[in-house]
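Colleague: Sequence first, then the predicted structure, then my questions.
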Amino acid sequence: LVMLVAVWREPDGRLLHAHIVTAAASEDASSALACNGAALLCDRRVDEVTFAATHNSMSSEADGWLWPNQATGIRSQLDSGIRGFLIDAHYWESPGMGAFLLARVPSKLRTAFLSHVVRLHPSDVYLCHHICAAGATRLTDTLREVDAFLDAHPDQVVILDIEDHVLPSDAERSFRDSGL
């Protein structure tokens, strides 16, 4: 059994929506599954298991974010045993907000700041920490990484806790487009 739990929260922390996706393991998967590394966890509810998790999981030095919270990206975190991801979904800032922010970025960091602005397309849902121009990853791309990990590791459970600043329909589109 493959399970992904996605949780959307209001900015004040109140639960907005929870979504659980499950799928049967493929027939070629091992018959002796060990849920997140321990068979005794397979019969427990999600709320009875402790998961290693990261805050602002998407904000990584390896992905070139300004002011990152993590050293590595989400796929590397998955490979290292992290199974809970606290991520923030946003729309891109307006061009006026980008100029406002750029004026406040120290001159030695402006090139890195602008590289994020130029390489991303602001018409989608992004994982970022309030200021997408300082670092952002498309939600769909991150969900594809999680999907690929779960395909390769059908005995793992991954939790996404999404601080949602986008419409639920746009977040759901990202899930559909990712294949999850």
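Modeller: That came through, no problem.
Colleague: who touches the closest residue in space to Ser59 that isn't next to it in sequence in this structure?
Modeller: Leaving out its chain neighbours, the residue that sits closest to Ser59 by CB to CB, 6 or more residues apart in numbering is Asn69, at 4.2 Å. Just so you know, the C-beta spots here come from the backbone N, C-alpha and C atoms, and that holds for glycine as well. By CB atoms under 8 Å, 6 or more residues apart in numbering, the contact list for Asn69 reads Thr54, His55, Asn56, Ser57, Ser59, Ser60, His129.
Colleague: if I look at Asn69, how far off is Leu139?
Modeller: 17 Å (CB to CB, to the nearest Å).
Colleague: So which bits of stretch 146-156 are buried?
Modeller: Val146, Asp147, Phe149, Leu150, His153, Pro154, Asp155, Gln156 (16 or more other CB atoms under 10 Å).
Colleague: Quick check: of those residues, which lies closest to Val166?
Modeller: Val146 (17.7 Å; CB to CB).
Colleague: Just the element for the nearest residue in space to the closest one that is not next to it in sequence, please.
Modeller: Closest residue to Val146 apart from its sequence neighbours, by CB to CB, 6+ apart: Val158 at 5.9 Å. For Val158, the host element (DSSP states H and E) is strand 157-164.
Colleague: any idea how far the residue nearest to Ser59 is from Gly179?
Modeller: 27 Å.
Colleague: Next, the angle from the longest helix seen in the chain to strand 157-164.
Modeller: Secondary structure assigned by DSSP state H gives helix 139-152 as the longest helix of the chain. For helix 139-152 against strand 157-164, the angle by axes from the mean of the first three to the mean of the last three CA atoms, to 10 degrees is 170 degrees.
Colleague: Could you tell me which residues make contact with Ser59?
Modeller: Trp65, Trp67, Pro68, Asn69, Gln70, Cys128, His129, Gly135.
Colleague: Of those, just say which sits nearest to Ser107.
Modeller: Trp67 (16.1 Å).
Colleague: Surely that closest one is in a strand?
Modeller: No - assessed with DSSP: H, G, I helix; E, B strand; the rest coil, Trp67 is coil; it does not lie in a strand.
Colleague: that older thread, buried subset of the contacts of Ser59?
Modeller: For those, buried by 16+ other CB under 10 Å: Trp65, Pro68, Asn69, Gln70, Cys128, His129, Gly135.
Colleague: Thank you, goodbye.
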